[in-house]
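K.L.:
A structural model of the following input is requested.
(2 chains)
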Amino acid sequence: MSIVKAKNLTFEYIRRDEEGNVESINKAIDDLNIEIEEGQFVAVLGHNGSGKSTFAKHLNVLVSPTEGSVWVDGMNTLEHENTLQIRQRAGMVFQNPDNQMICTVVDEEVGFGPENIGVPENEIWERVEKSLKSVGMYEYRNANPTKLSGGQKQRIAIAGIVAMKPKCIILDEPTAMLDPNGRKEVLKVLHELNEQEKVTIILITHYMEEVIEADKVFVIHEGKLQMQGTPREIFSQVERLKEYRLDVPQVTELAYELRKEGLDIRPGILYSNELISELKRIKEERNVDNSR
Amino acid sequence: MSIIVDKINYIYEQGTNLERQALKDVSFVIEKGEFIGLIGHTGSGKSTLIQHLNGLYKATSGHIYYDEQDIYDKNYNLRDLRNKVGLVFQYPEHQLFENTIFKDVCFGPKNQGLSKQECEIRAFESLRLVGLDENLYYHSPFDLSGGQKRRVAIAGVLAMQPEVLILDEPTAGLDPRGRDEIFAILKRLREEKNITIILVSHSMEDVAAHVDRIMVMDDGILKYDDTPRNIFKHYKELEKIGLAAPQVTYIMQDIKEAGFNVRTDAITIEEAKKSILETI
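P.N.:
Residues are numbered from 1 along each chain as shown, chains lettered A, B, ... in the order given. This is a model prediction of the structure:
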């Protein structure tokens, strides 16, 4: 079953002058059709301004379609009575953790969401404990969030969403401001939530390496869905991705460059052991040729 | 120009129970035209350090000399220093505010007290350096894409004609092409203007591919200061302090372990490619 479905989704940013006349219309999303299966780990790629963040905002009803429809867990986002339910089921994490923190103690920060949706008090603390443990931050429950590292802050933001028991978490470039360790921590937590708690993860990112382990990748360009497939299918198309202002992981790039130099390496290499087995095969074939 | 940093220490909230030493006996020399990458985990002291270099923070102890003059000397003109050492903060596009791009870029030189004509000449020159399409100069900066806005913000600092440009994570949140465009600008600045550049980055791949020298901060200490190749030889130590080597370095290590005699000190795709082609 699909947790997220967009059908003929179009969204226009309309700018008006002081009299209210339309000055310009910018189509951020242009007839987008997308379906995301429940329980999957999905990555969304696209250049700055491609429309991917606008798409993400639809899933949390921060914006509503100009045309077409979006369903989250079967609920149409255009129907106002669904809004609160949708926001509980699809939580959102943004780029800058500092903009998402409001409390002075970690456990209060994480409890803020469930409290707002009217969860009884004893259950709030159960949820806070469980979600802090799920992101590996339970020992920091009494800490001041502003004193934590970027990766830790982002894990607290994720715990705050997890405490609302969502079916789906949407993350809009959650690692853009983090150091290498912080990025690793956040990615690990997301995969654990996906595998153990069966939470659907929708990860928007500019780091191609973060996409390798995803179940499915969507590429949005100029407001349209241009590519969808497994990471291997997507990263096999290096030139097309570059046209879309994107890139591939370094191992894929290295394999691609070697292929351009005439080595017979198959496209879509994602791991170093795959590159190694290709190199071994090529070397053996050359040895056979030489001994003839 | 040269910058000499001599044993600086910086203590936040000294004398309170929140006291924390952010810089510990940091010393180094930067010569004109160098391209330096500054790396370190969040909270390692990178941002504190760069804000010392243009006098926004004053060291608790130690000295900084710019062009052989002590910037803490009471007769030293700090305003002048801030014109010479331009600082591009994280997400500098949040600081755009004028109604046209051109006016926004003129704001810095105007504050330096330059004539209108001189401000405009400088604005044209800096917008050219960041490669912004001329048709856009009189548009609102808020109509631009993320990558374009950031380039305009950088042009605003360049219009003050700094001798040293410090950029704090200038590529954070940009798409891969946007990131390449920023590096193309930095390259042009070095070639045409011989500007000294200090780049704070969390991307090991980016610093490996672009800078000549890397400084590594850890817990307020300048832990390493060397060429990229030598720095990434310490990848195990770097991992312990929240950093890493570029992905391609790990790939080359895996290939070597599999029995190929490749260079494990390759830090860019180009070097890795060459080494593999020589081996196979």
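
K.L.:
which residues in the stretch 1-150 of chain B form strands?
P.N.:
Using DSSP state E, counting those that start in this stretch, the strands of the stretch 1-150 of chain B run over B:2-12, B:20-31, B:35-39, B:61-66, B:69-70, B:85-88.

K.L.:
what sits against the closest residue to residue B:227 other than its chain neighbours?
P.N.:
Of all residues not flanking residue B:227 in the chain, residue B:213 sits nearest, at 6.2 Å (CB to CB, 6 or more residues apart in numbering or on different chains). Any C-beta I mention is one placed from the backbone N, CA and C, and that applies to glycine too. Applying CB atoms under 8 Å, 6 or more residues apart in numbering or on different chains, we find residue B:213 in contact with B:34-37, B:225-228.

K.L.:
tell me which of the strands of the stretch 1-150 of chain B lies nearest to residue A:81.
P.N.:
strand B:85-88 (47.0 Å; CB to CB).

K.L.:
what parts of the stretch 101-250 of chain A come near chain B?
P.N.:
Applying CB under 8 Å from any CB of the partner chain, one finds that the stretch 101-250 of chain A approaches chain B through A:149-151, A:173, A:176-183, A:206, A:208-209, A:242, A:245-247, A:249-250.

K.L.:
for the contacts of residue B:213, which one is nearest residue A:288?
P.N.:
Looking across these and measuring by CB to CB, the closest to residue A:288 is residue B:228, at 39.1 Å.

K.L.:
that closest one and residue A:272, how far apart?
P.N.:
Counting by CB to CB, to the nearest Å, the gap from residue B:228 to residue A:272 is 21 Å.

K.L.:
same question, residue B:232
P.N.:
Relative to residue A:272, residue B:232 is positioned 16 Å away (criterion: CB to CB).

K.L.:
what about the two, which has more around it?
P.N.:
More neighbours surround residue B:232 than the other of residue B:232 and residue A:272, with 25 against 22 (other CB atoms under 10 Å in any protein chain shown).

K.L.:
wait, is that one part of a helix?
P.N.:
Yes: Residue B:232 forms part of a helix when assessed by DSSP: H, G, I helix; E, B strand; the rest coil.

K.L.:
from memory it sits against residue B:247, does it?
P.N.:
No: with contacts counted by CB atoms under 8 Å, residue B:232 stays clear of residue B:247, the gap being 11.2 Å.

K.L.:
can you show me the helices along the stretch 101-250 of chain B?
P.N.:
Along the stretch 101-250 of chain B, counting by DSSP state H, counting those that start in this stretch, helices occupy B:101-111, B:116-129, B:146-158, B:176-193, B:204-210, B:228-233, B:235-240, B:247-257.

K.L.:
could I get those as a markdown table with mean pLDDT?
P.N.:
Output for those, formatted as a markdown table (pLDDT from 0 to 100):
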| stretch | mean pLDDT |
| --- | --- |
| helix B:101-111 | 95 |
| helix B:116-129 | 96 |
| helix B:146-158 | 93 |
| helix B:176-193 | 94 |
| helix B:204-210 | 96 |
| helix B:228-233 | 97 |
| helix B:235-240 | 95 |
| helix B:247-257 | 97 |
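
K.L.:
so which of those is the most packed in?
P.N.:
Neighbour counts (mean count of other CB atoms under 10 Å in any protein chain shown) averaged over each of those peak at helix B:146-158, with a mean of 24.

K.L.:
next up, the contacts around residue 14.
P.N.:
Using chain A. Counting by CB under 8 Å, 6+ apart, residue A:14 touches A:22, A:24-26.

K.L.:
you answered for a different chain; I wanted chain B.
P.N.:
residue B:60.

K.L.:
from chain A, how far out is it?
P.N.:
Distance, residue B:14 to chain A, by CB to the nearest CB, to the nearest Å: 18 Å.

K.L.:
for residue B:157, same thing?
P.N.:
Distance of residue B:157 to chain A, given as CB to the nearest CB: 20 Å.

K.L.:
run a quick neighbour tally on the nearest residue to residue B:23 once chain neighbours are set aside.
P.N.:
Leaving aside its chain neighbours, residue B:23 sits nearest to residue B:10 (4.1 Å; criterion: CB to CB, 6+ apart). Residues lying near residue B:10 (other CB under 10 Å) number 23.

K.L.:
if I pick residue B:10, what's in contact with it?
P.N.:
Per CB under 8 Å, 6+ apart, neighbours of residue B:10: B:21-23, B:48, B:52, B:57, B:59-60, B:220.

K.L.:
out of those, who's the most crowded?
P.N.:
Ranked by neighbour count (other CB under 10 Å), the contacts of residue B:10 have residue B:23 at the top, with 25 neighbours.

K.L.:
so residue B:192 touches residue B:126, yeah?
P.N.:
No: using CB under 8 Å, residue B:192 is not in contact with residue B:126, being 11.6 Å away.

K.L.:
roughly how far apart are the residue nearest to residue B:227 and chain A?
P.N.:
Using CB to the nearest CB, one obtains 20 Å as the distance from residue B:213 to chain A.

K.L.:
ok, the nearest residue to residue A:233 once chain neighbours are set aside - contacts?
P.N.:
Residue nearest to residue A:233 in three dimensions, not counting chain neighbours: residue A:268, with 7.1 Å by CB to CB, 6+ apart. By CB under 8 Å, 6+ apart, the contact set of residue A:268 is A:232-233, A:235-236, A:252.

K.L.:
which of the residues you listed count as buried?
P.N.:
By neighbour count, with 16 or more other CB atoms under 10 Å in any protein chain shown, these hold A:232, A:235-236, A:252 as buried.

K.L.:
looking at those residues, which is nearest chain B?
P.N.:
Of all the buried ones among the contacts of residue A:268, chain B sits closest to residue A:252, with 10.2 Å by CB to the nearest CB.

K.L.:
export the helix or strand containing that closest one as CSV, just CAs?
P.N.:
In this structure, residue A:252 sits in helix A:250-260 according to DSSP states H and E. The C-alpha trace of helix A:250-260 is given here as CSV (Å, rounded to 0.1, in the frame of the first residue of the first chain):
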residue,chain,number,x,y,z
GLN,A,250,32.8,8.7,-5.5
VAL,A,251,33.1,4.9,-6.1
THR,A,252,30.5,5.2,-8.9
GLU,A,253,32.4,8.2,-10.4
LEU,A,254,35.7,6.4,-10.2
ALA,A,255,34.3,3.3,-12.0
TYR,A,256,32.7,5.6,-14.6
GLU,A,257,36.0,7.4,-15.2
LEU,A,258,37.8,4.1,-15.6
ARG,A,259,35.2,2.9,-18.0
LYS,A,260,35.8,6.0,-20.1
